[in-house]
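A.B. asks: Sequence plus the predicted model coming up.
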There are 2 protein chains.
Amino acid sequence: MAAENDFVKDITKKSVDFSAWYVDVVKKAELADYSPMKGMMVIRPYGYEIWELIRDQLDRMFKESGHRNAYFPLFIPESFLQKEAEHVEGFAPEVAWVTVGGGEVLEERLAVRPTSEAIICSMYSKWVKSWRDLPILYNQWANVVRWEKVTRLFLRTTEFLWQEGHTVHATAEEAEEETLRMLATYRTLAEDYLAIPVVTGRKSDSEKFAGAVRTYAIEMLMPDGKALQAGTSHNLGQNFAKAFNIRYESKEQKLEYAWQTSWGATTRLVGALVMTHGDDSGLILPPRVAPIQAVIVPISAGNWKETVLPQAQKVFSDLKAAGIRVFLDDRDAYTPGWKYADWEMRGVPVRVEIGPKDIDKQQAVLVSRLDRKKSFVPWDKLAEELKRLLEKIQGDLYAKALAFRDASTHELGTFAELKEAMAGGRGFIRCGWCGGADCEAKVKSEAAATIRVILDKPEPAAKACAVCGKDAPHTVLFAKSY
Amino acid sequence: MAAENDFVKDITKKSVDFSAWYVDVVKKAELADYSPMKGMMVIRPYGYEIWELIRDQLDRMFKESGHRNAYFPLFIPESFLQKEAEHVEGFAPEVAWVTVGGGEVLEERLAVRPTSEAIICSMYSKWVKSWRDLPILYNQWANVVRWEKVTRLFLRTTEFLWQEGHTVHATAEEAEEETLRMLATYRTLAEDYLAIPVVTGRKSDSEKFAGAVRTYAIEMLMPDGKALQAGTSHNLGQNFAKAFNIRYESKEQKLEYAWQTSWGATTRLVGALVMTHGDDSGLILPPRVAPIQAVIVPISAGNWKETVLPQAQKVFSDLKAAGIRVFLDDRDAYTPGWKYADWEMRGVPVRVEIGPKDIDKQQAVLVSRLDRKKSFVPWDKLAEELKRLLEKIQGDLYAKALAFRDASTHELGTFAELKEAMAGGRGFIRCGWCGGADCEAKVKSEAAATIRVILDKPEPAAKACAVCGKDAPHTVLFAKSY
């Protein structure tokens, strides 16, 4: 265990070195740790509990919209991966290959799934026969492996946890509708639960999913001015249906290729939470995804075990019964001051202090992790007040992130301005784009920025391409990205 | 989609060919399907929903007893697997090896985890420092791969889903206590939720987990007289602590090796459910793990959409609000008779029929999947009566399985009797065992049976070893096993 306050001492300041701060917080708050294998992380219980809350919320939303979970094999035969040409080209370089099993060299290499279209589509071709079988709305919670050169805890790891939805539809319209419905689901998760505002839109051809007709994404802006792609939803058209022969008999008794979508979100979201909301004292968790929403710290002085502790225990039971995720820190070996700093570092939204004076006054002290403001609340109003404060913190975190995002989104008209922004404070650069791959490539090579999304509606402001100056049918957001 | 009743027609009778019946039920009820890779299965939504219910119940019990979930990497470097001698000897022959990643041949092969002791212990050696860090009570929900020669859907597959608990303790006593606590948790799951009685006890040395000091198991008896190991709990002693250097500073400031346990249960449990409770008409699910506890079938005749359907919808809402997992089958394309057979095949415990006559009488008809007995229940008592019936079915299924298990457990004194039993109706053979590996091996080679468990307390009946006739300190259960 750490000596007094060394956890805070050991955290690099967020404003001084953002990257070092991020790693410090993830490790000191015990969200994750490096494993012995390069690029693979261990998700520790506190980090996993955040993921469980995110997962459960997404899972609820998936099920409410008619989706069902299933589980498909971890391994994909090489020949299956090769069936869709763009798909294999996109993923083959990142694959981990199993070549030996049960002591024998395999006749065909097996890919550890980097994504599961190839194996799932092979099953769909067997299951889909009639229009009555459609739509198929399946989702899978799974681990996937992509051999990454540069990795960062949660943000880019060789193995990660995710969900991947895979749906099959009778018409192109239904597939597009589903693609956009799931994009909206990701937006809801990000904004209403993670308290992170997102921009949604379509990807350019160079950034879309390998094998998709259209990819949509939710994009977040991190405090260092870099964009984070936090969820993607793909309209696969009939590409995989043709490669895997997924056909159904229509009501008119004609054999038709089906239309498909796939969509995914990953443990990267935990990293997004850390970066967006944390401060120099460590993590700050939005209450809706905080494993511990409130920590009760009894003030250990004098005969506290006879006086303060029983009341702290009662408050614990009451708050728990009120549906709040609460923890009572009654450890003997640590001082209240040590505990305050420790739980602040771990991002618990509210601290509940109870000391001898509070016993006399029949009150407790609520302290917000956001601004450390104290409020003194009578015992009988505690659950109600705490819930109100948690909702306030949830809202304040979102508002703060939104204000930053808006202040960091710039309307820029020329390539010089764009380059200058990327060399400085970065952020989202909103500008016109002619649609040409050359202009896009030029921005990538000279400003290290990519099109994060093509915005849904071209805006009046965007009249000319920021790169070539020609007519711009698209308004896009450029940014450096994770 | 299937033509009328062909799903029942296509199911082999359970009494005629148990193995064929099992595969038919798993496939026709859409619990799982074969994948293109030998030995790897796809868990379809209905099967996965059963697994979710099992998983959620286990997860609740783990958390209530202080365990926390974490996630460790899928891959284990070969050198880590080799650190514990018995462990590598036991698992190396079954490993799938990753040898190529990101287009390059790896310097060291990576095992796709067959179990995670080696990777988890390497992290524990880093995290455990003081007695204050103990106990560590972690669990992981994950997929594992073991290259199996003979596979069967759910029962033995190359990849399977499971949970693996991994705990660290300061003393031998605490580790043994934890080992037995988790064994008891598995018993509760099996008996109270899956409605399957189990025998618990210790494994002989030849059957214990590779690297454990002691392995305990819950064993079930299947209708074909074969035993199914359905959950194991291992006391690892200090074997892994010494191999991976997991040491802590005691209160007396001495450096001590820690004591460990591990324990697991798998998707095999879904197979156990199918085998134990199903009949010639298909699956029968115990209500507590049934994704659909009751299916409402409106009788579609005449103007049913104006009369029967609205009431069926109201019943659906009422039952759902009462916390029952209910489904309304209002599909147009199928007759009520077709639906009855379809849902019976899928093992839904209770069918709720509502027809024109029932509208007049303000009642619904409840039909139990177990014995097809009908009861006519007024609308206002439906939820209450249905809950009672579901509990009754849960209890009846357990009683039936227990009666079979007891009737199939035989006290036998000689090796000839044991061999005869194994050649016939099989079952559990309770007898004395001298403790000799030779006697155990003789039973395995000549009667194809193994010691499933050494019973907790030697019973008076067991005076002599059934094989060699010498004094028998142990009473054991022999059986053929899956």
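C.D. replies: Here it is on my side, so go on. Numbers count the residues shown, from 1 in each chain, chains lettered A, B, ... in the order given.
A.B. asks: From now on I want contacts and neighbour counts done on CA atoms only, so please keep to that.
C.D. replies: OK.
A.B. asks: Need the pLDDT of residue A:333.
C.D. replies: On the pLDDT scale, residue A:333 is placed at 84.
A.B. asks: Report the contact partners of it.
C.D. replies: Counting by CA atoms under 8 Å, 6 or more residues apart in numbering or on different chains, residue A:333 touches no other residue.
A.B. asks: One more pass at 10 Å, please.
C.D. replies: residue B:132 (CA atoms under 10 Å, 6 or more residues apart in numbering or on different chains).
A.B. asks: try residue A:176
C.D. replies: A:169, A:214, A:233-237, A:259-261.
A.B. asks: Residues in a beta bridge with residue A:112, which ones?
C.D. replies: residue A:75 (DSSP bridges).
A.B. asks: pretty sure it contacts residue B:110?
C.D. replies: No: in this structure residue A:112 lies outside contact range of residue B:110 using CA atoms under 10 Å: 12.0 Å.
A.B. asks: Confirm for me that residue A:448 is in contact with residue A:482.
C.D. replies: No: using CA under 10 Å, residue A:448 is not in contact with residue A:482; the gap is 11.4 Å.
A.B. asks: Between the two, which has more neighbouring residues?
C.D. replies: residue A:448 (16 against 11; other CA atoms under 10 Å in any protein chain shown).
A.B. asks: That one and chain B: what is the separation?
C.D. replies: Plainly put, residue A:448 is 24 Å away from chain B if you go by CA to the nearest CA, to the nearest Å.
A.B. asks: what bits of chain A have low per-residue confidence?
C.D. replies: A:1-9, A:458-462 (pLDDT under 70).
A.B. asks: quick check: domain ranges of it?
C.D. replies: Using automatic domain parsing, the domains assigned to chain A come out as A:6-277, A:294-389, A:410-479.
A.B. asks: For the stretch 51-200 of chain A, which segments count as strands?
C.D. replies: Under the criterion DSSP state E, counting those that start in this stretch, the stretch 51-200 of chain A contains strands at A:68-69, A:75-77, A:96-101, A:104-112, A:136-145, A:159-169, A:199-202.
A.B. asks: what packs against the fourth one?
C.D. replies: Yep, that's strand A:104-112 we're talking about. strand A:75-77, helix A:78-81, strand A:96-101, strand A:136-145, strand B:96-101 (3 or more CA pairs under 10 Å, 6 or more residues apart in numbering or on different chains; DSSP states H and E).
A.B. asks: now the strands of the stretch 51-200 of chain A as CSV including distance to residue A:248?
C.D. replies: Converted to CSV, the strands of the stretch 51-200 of chain A look like this (distance: least, CA to CA, whole Å):
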stretch, distance to residue A:248
strand A:68-69, 21
strand A:75-77, 24
strand A:96-101, 33
strand A:104-112, 29
strand A:136-145, 12
strand A:159-169, 10
strand A:199-202, 29
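A.B. asks: would you list these in TSV and tack on mean neighbour count?
C.D. replies: Formatted as TSV, the strands of the stretch 51-200 of chain A follow (neighbours: other CA atoms under 10 Å in any protein chain shown):
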stretch	mean neighbour count
strand A:68-69	22
strand A:75-77	21
strand A:96-101	23
strand A:104-112	17
strand A:136-145	21
strand A:159-169	23
strand A:199-202	21
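A.B. asks: Quick one, which of the ones you listed gets closest to residue B:290.
C.D. replies: strand A:68-69 (15.1 Å; CA to CA).
A.B. asks: Neighbouring strands - and their directions - for the closest one?
C.D. replies: Counting by DSSP bridges, strand A:68-69 is paired with strand A:136-145 (parallel).
A.B. asks: Please list all residues in contact with residue A:343.
C.D. replies: A:29, A:281-284, A:292, A:294-295, A:297, A:329, A:349-351, A:369.
A.B. asks: okay but residue A:123 is in contact with residue B:33, surely?
C.D. replies: Yes: between residue A:123 and residue B:33 there is a contact at 8.8 Å, judged by CA under 10 Å.
A.B. asks: so what sits against both of those two?
C.D. replies: Counting by CA under 10 Å, 6+ apart, the residues touching both residue A:123 and residue B:33 are A:72, B:42.
A.B. asks: related to what we said a few turns ago, among the contacts of residue A:176, which ones are buried?
C.D. replies: A:169, A:214, A:233-237, A:259-261 (16 or more other CA atoms under 10 Å in any protein chain shown).
A.B. asks: OK, contacts around the residue lying closest to residue A:391 once chain neighbours are set aside?
C.D. replies: Leaving aside its chain neighbours, residue A:391 sits nearest to residue A:287 (7.4 Å; criterion: CA to CA, 6 or more residues apart in numbering or on different chains). Contacts were defined as CA under 10 Å, 6+ apart; by that measure residue A:287 touches A:193-195, A:293-294, A:324-325, A:347-350, A:387, A:389-395, A:397.
A.B. asks: Those in helices, which ones?
C.D. replies: With DSSP state H as the criterion, helices contain A:387, A:389-395, A:397 from among the contacts of residue A:287.
A.B. asks: What subset of these is buried?
C.D. replies: A:387, A:389-390, A:393-395, A:397.
A.B. asks: Need those in JSON lines (columns: distance to chain B).
C.D. replies: Formatted as JSON lines, those follow (distance: CA to the nearest CA, whole Å):
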{"residue": "A:387", "distance to chain B": "24"}
{"residue": "A:389", "distance to chain B": "27"}
{"residue": "A:390", "distance to chain B": "24"}
{"residue": "A:393", "distance to chain B": "27"}
{"residue": "A:394", "distance to chain B": "25"}
{"residue": "A:395", "distance to chain B": "29"}
{"residue": "A:397", "distance to chain B": "27"}
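A.B. asks: which one of the residues you listed is nearest residue A:276?
C.D. replies: Of those, the one sitting nearest to residue A:276 (CA to CA) turns out to be residue A:397, at 9.0 Å.
A.B. asks: could you dump stretch A:203-221 to CSV, C-alpha only?
C.D. replies: Taking C-alpha atoms only, stretch A:203-221 is exported to CSV below (Å, rounded to 0.1, in the frame of the first residue of the first chain):
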residue,chain,number,x,y,z
LYS,A,203,-16.5,8.8,-42.7
SER,A,204,-14.7,9.5,-45.9
ASP,A,205,-13.8,6.5,-48.1
SER,A,206,-10.2,6.4,-46.9
GLU,A,207,-11.4,6.1,-43.2
LYS,A,208,-14.3,3.8,-43.6
PHE,A,209,-14.5,0.2,-42.3
ALA,A,210,-12.8,-2.3,-44.6
GLY,A,211,-15.8,-3.9,-46.5
ALA,A,212,-18.4,-1.3,-45.6
VAL,A,213,-20.4,0.9,-48.1
ARG,A,214,-20.7,3.7,-45.5
THR,A,215,-19.2,4.1,-42.0
TYR,A,216,-20.6,6.5,-39.4
ALA,A,217,-18.9,7.4,-36.2
ILE,A,218,-19.2,9.3,-33.0
GLU,A,219,-16.2,11.5,-32.5
MET,A,220,-15.1,13.1,-29.2
LEU,A,221,-12.6,15.9,-28.6
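A.B. asks: Which positions in the stretch 301-450 of chain A make contact with chain B?
C.D. replies: Residues of the stretch 301-450 of chain A lying close to chain B by CA under 10 Å from any CA of the partner chain are residue A:333.
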